[in-house]
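Participant: Pasting the sequence and the predicted coordinates here, then a few questions.
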There are 2 protein chains.
Amino acid sequence: MAQASEHIINPNVSVDNVILGFADNELKVLLIERERVEEVPDDFLALPGNLIYEDETLDQAAERVLYELTGLKNIFLEQFHSFGDPNRIRKKQDLDWLKAIRAHPEARVITVAYYSLIKADNYNPTPSAFAQKAFWVPITDVGQLAFDHNDIFYRALEHLKDKLYKYPIGFELLPEKFTLAQLQRLYEIILQTKLDKRNFRRKILKTKFVVPLNEKQRGVAHKPARLYHFDKERFKSTEHRYVSY
Amino acid sequence: MAQASEHIINPNVSVDNVILGFADNELKVLLIERERVEEVPDDFLALPGNLIYEDETLDQAAERVLYELTGLKNIFLEQFHSFGDPNRIRKKQDLDWLKAIRAHPEARVITVAYYSLIKADNYNPTPSAFAQKAFWVPITDVGQLAFDHNDIFYRALEHLKDKLYKYPIGFELLPEKFTLAQLQRLYEIILQTKLDKRNFRRKILKTKFVVPLNEKQRGVAHKPARLYHFDKERFKSTEHRYVSY
DNA sequence: TCAAAAGTGTTCAAAATACACCCATGT
DNA sequence: ACATGGGTGTATTTTGAACACTTTTGA
C-alpha cells in the first residue's frame, strides 16, 4: 500500500531514524511493524526509515520520515553515522520482504542514520502511511530487529551518550517543565551510571540555563518537587568551554 | 583515463577523504588536481574521493581511495559525516568536469566523508591512478575547492577538534618518536588555542601512555629535546573516564 | 502516622591555572 | 658569547566526590 508520490526515489540511499522518547521514567525507542505482505511472515520490528527522494536533502528525508511516522515537526534530529555494508541485508526474512515491496529489491542500499529526541509532551505517535503500527519499546526490551537495525540502534545510544557529556540535549526528551529528579534519572539511564543527588543538583543549577519555576508537582504522595525549565536563550549565550590541555 | 576495473560502480554513493598530515610545524591537507579533461578548464583542487564499488563496504572504499592516492595502508581513518544536498554540485566547472568523466554525470551523489591522519614518517604521497597530482596544502592556505569540498573540509577539522578532547588521536599525525613541543604545537593548531608549556607537559606525562625514550634530538641549535613515544598498549589498558555529572 | 521522594551543606582530595628562570646546544 | 628552544616547581583557585538527615505531601 505504498502511497502515491510525485517524487523520484533513489534506490540506493535510505535514511533510518532512531526516535527516542522518555516516559514512565524509561527511555523508549519508536519501532514499527513493516508493511504486511501476503505470504511473507515477518516478526521483526524495524526502525522507521525509507528510501530518499532525489530532490530532497538527507536532513529533509529524515524529517519527512519522522513526520510521516509521528506527525511531529521541529524535533531534535541529527545525523550520526552511515551504514553501508553490502551484506547489511542478509536475513532471509528481510530479503523476502524487500522482494515483495521494493521496485529494486536487490539494490544495494546505503543508509544514513539519524537519531531524534521527542518530548514526553508530544508522546503519541500517529501511525504512519507506510508503517502498519508503531510502538514505543523500552530500550531494555528491544529484541532482534530487521536488517542491521540492531547495530544502528546500539550506535545511536552510544552517540547520544557521547553528546550528553558536552551538550545538554537531555532536555529535548523532557517536557517543558520537569523536576530535577526526572533530569537526573534521564542522565543516569543514558550515561548508564548512578549519580549523586546533591552533586548533580549543584552542578545543574550552577549552569544557569536550568531555571526554577514558581510551580510544583501536584498530586504526588510525597513532598512535591519544584519544576524547572530549560532556557535555550541562556544556554546559547553561555560560554561553552572544553576540558583543557 | 579511468582504470580498468572488474567492479561494478554505484553511481549514487561516493566517499571523500580529508587526509591530514603534520610537517614543518603545520597541519596540512592532501588535495588533488582532478583528472584533466580536454576543453574543460579546471582550477579547483579537490579532496580525494570516488564512487564506491557495489561489493565493498564504505570503510573499504575509503581505505581504497586512500591507498590509491598515497600507497598507504593501516592508517587512522574514520567516517564523520555524510553529505547529500541535491545541489552540492552546482558550480558550472564541476558540472562540466562530471560530464566529461562520469558515466552518469547527472546522477545525484551522496558522499560519505572520512578523515584520516598520516604520520610525518610516511609523508610522501604517491600520486594516484586517478589523480594527476597530489599536494600537501597548509590548512590555512586552502582556497575554493571543487564541489562542496570546502564544507566537508571545514567539518572534518571541527570533528577532529571534538575528538581530540577525548581521544589522543594527535599521535596519529606525529612520527613514532616526537618531542613534547611538537605534540603541544599540534594540539594548539587543532584546538586553535595557546597552551601553557608546564601544565601541558604535566598533564600529558600523567597519562602514562606517552613514554620518554633515552634519546634526544640531534643537530639542533639549542638544548636538544627528549624524544617520547605513544604506547598504544598502555593506552588501551587505561580506564577512560568521562567528565561526570 | 507512615511511606515516599524532595531538598539541603560540609569536608576532603584532585585538578586546573598562573607564572619565571636556568640549561644545553650550534653557530 | 650569544641565540634558540628545552626543561622545571610552587602556590592558589576551582572542581569533584563522598556522605545523612529533615521536610512535605497523600493515603
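Facilitator: Cool, the structure landed. Numbering: from 1, shown residues only, chains lettered A, B, ... in the order given.
Participant: rest of the way, CA atoms for contacts and neighbours
Facilitator: OK.
Participant: what stretches of chain A score poorly on pLDDT?
Facilitator: Low-confidence segments of chain A, defined by pLDDT under 70: A:1-5, A:125-132, A:239-245.
Participant: A:Met93: how many residues sit nearby?
Facilitator: You called it Met, but residue A:93 is Gln. 16 (other Cα atoms under 10 Å in any protein chain shown).
Participant: Give me the domain ranges for chain A.
Facilitator: Domain ranges of chain A: A:9-166, A:177-236, per automatic domain parsing.
Participant: hey, which of those domains is tucked in deepest?
Facilitator: Ranked by mean neighbour count under mean count of other Cα atoms under 10 Å in any protein chain shown, the domains of chain A are led by domain A:9-166, which reaches a mean of 18.
Participant: That domain near chain B anywhere?
Facilitator: Yes: residues of domain A:9-166 are located near chain B by Cα under 8 Å from any Cα of the partner chain, namely A:12-13, A:54-58, A:79-86, A:108, A:112, A:165.
Participant: Filter the residues you listed down to the ones in strands?
Facilitator: A:Asn12, A:Val13, A:Gln79, A:Phe80, A:His81, A:Ser82, A:Phe83, A:Val112 (DSSP state E).
Participant: one step back: ok, which of the domains of chain A comes nearest B:Glu188?
Facilitator: domain A:9-166 (20.4 Å; Cα to Cα).
Participant: Give me the distance between the two termini of that closest one.
Facilitator: Taking Cα to Cα, to the nearest Å, domain A:9-166 runs 37 Å from one end to the other.
Participant: Need the contact partners of the top helix by length along chain A.
Facilitator: The residue-count maximum for a helix in chain A (DSSP state H) belongs to helix A:149-166. By Cα atoms under 8 Å, 6 or more residues apart in numbering or on different chains, the surrounding residues in contact with helix A:149-166 are A:18, A:46-47, A:80, A:83, A:113-115, A:144, A:169-170, A:190-191, B:242-244.
Participant: Give me the angle between that helix and helix B:149-166.
Facilitator: Angle between the axes of helix A:149-166 and helix B:149-166 is 70 degrees (criterion: axes from the mean of the first three to the mean of the last three Cα atoms, to 10 degrees).
Participant: The helix or strand that comes right after helix A:149-166 close to DNA strand C?
Facilitator: Sequence-wise, the next helix or strand downstream of helix A:149-166 (DSSP states H and E) is helix A:180-191. Yes: against DNA strand C, helix A:180-191 shows contacts by Cα under 7 Å from any atom of the strand at A:Leu180, A:Ala181, A:Gln182.
Participant: give me every residue that touches A:Arg88.
Facilitator: Contacts of A:Arg88 (Cα under 8 Å, 6+ apart): A:Phe147, A:Asp148.
Participant: Return the residues of chain A in contact with DNA strand D.
Facilitator: Counting by Cα under 7 Å from any atom of the strand, chain A sits next to DNA strand D at A:Asp196, A:Lys197, A:Arg198, A:Asn199, A:Lys203, A:Arg218, A:Gly219, A:Val220, A:Ala221, A:His222, A:Lys223, A:Pro224.
Participant: Contacts only, for the nearest residue to the second one once chain neighbours are set aside.
Facilitator: Same thing as A:Lys197. Counting by Cα to Cα, 6 or more residues apart in numbering or on different chains, A:Gln184 is the residue found nearest to A:Lys197 once chain neighbours are left out, at 7.7 Å. Applying Cα under 8 Å, 6+ apart to A:Gln184 gives the contacts A:Leu195, A:Lys197, A:Phe200.
Participant: Narrow those residues to those in helices?
Facilitator: Short answer: those in helices (DSSP H) are A:Lys197, A:Phe200.
Participant: which one of the contacts of A:Gln184 is nearest chain B?
Facilitator: Ranked by distance to chain B (Cα to the nearest Cα), the contacts of A:Gln184 are led by A:Phe200 at 5.7 Å.
Participant: Look up how far B:Leu213 lies from that closest one.
Facilitator: For A:Phe200, the distance to B:Leu213 - Cα to Cα - is 43 Å.
Participant: and what of A:Asn74?
Facilitator: Separation of A:Asn74 from B:Leu213 (Cα to Cα): 55 Å.
Participant: Double-check A:Val65 against A:Gly49; I have them as touching.
Facilitator: Yes: shown here, A:Val65 and A:Gly49 form a contact pair, counting by Cα atoms under 8 Å, at 6.3 Å.
Participant: what do those two both touch?
Facilitator: Overlap of the contact sets of A:Val65 and A:Gly49 (by Cα under 8 Å, 6+ apart) consists of A:Asn17.
Participant: Can you dump the C-alpha atoms of stretch A:117-125 in PDB for me?
Facilitator: Listed in PDB are the C-alpha atoms of stretch A:117-125, where the atom choice follows Å, rounded to 0.1, in the frame of the first residue of the first chain:
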ATOM      1  CA  LEU A 117      14.600  13.100  20.600                       C
ATOM      2  CA  ILE A 118      11.000  13.600  21.400                       C
ATOM      3  CA  LYS A 119       9.500  15.400  24.300                       C
ATOM      4  CA  ALA A 120       7.200  13.400  26.600                       C
ATOM      5  CA  ASP A 121       4.700  16.200  25.800                       C
ATOM      6  CA  ASN A 122       4.300  15.100  22.300                       C
ATOM      7  CA  TYR A 123       4.400  11.500  23.100                       C
ATOM      8  CA  ASN A 124       1.700   9.800  21.000                       C
ATOM      9  CA  PRO A 125       2.900   8.600  17.600                       C
END
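Participant: Could you list which of the contacts of A:Gln184 also contact DNA strand C?
Facilitator: Answer for the contacts of A:Gln184 near DNA strand C (Cα under 7 Å from any atom of the strand): A:Lys197.
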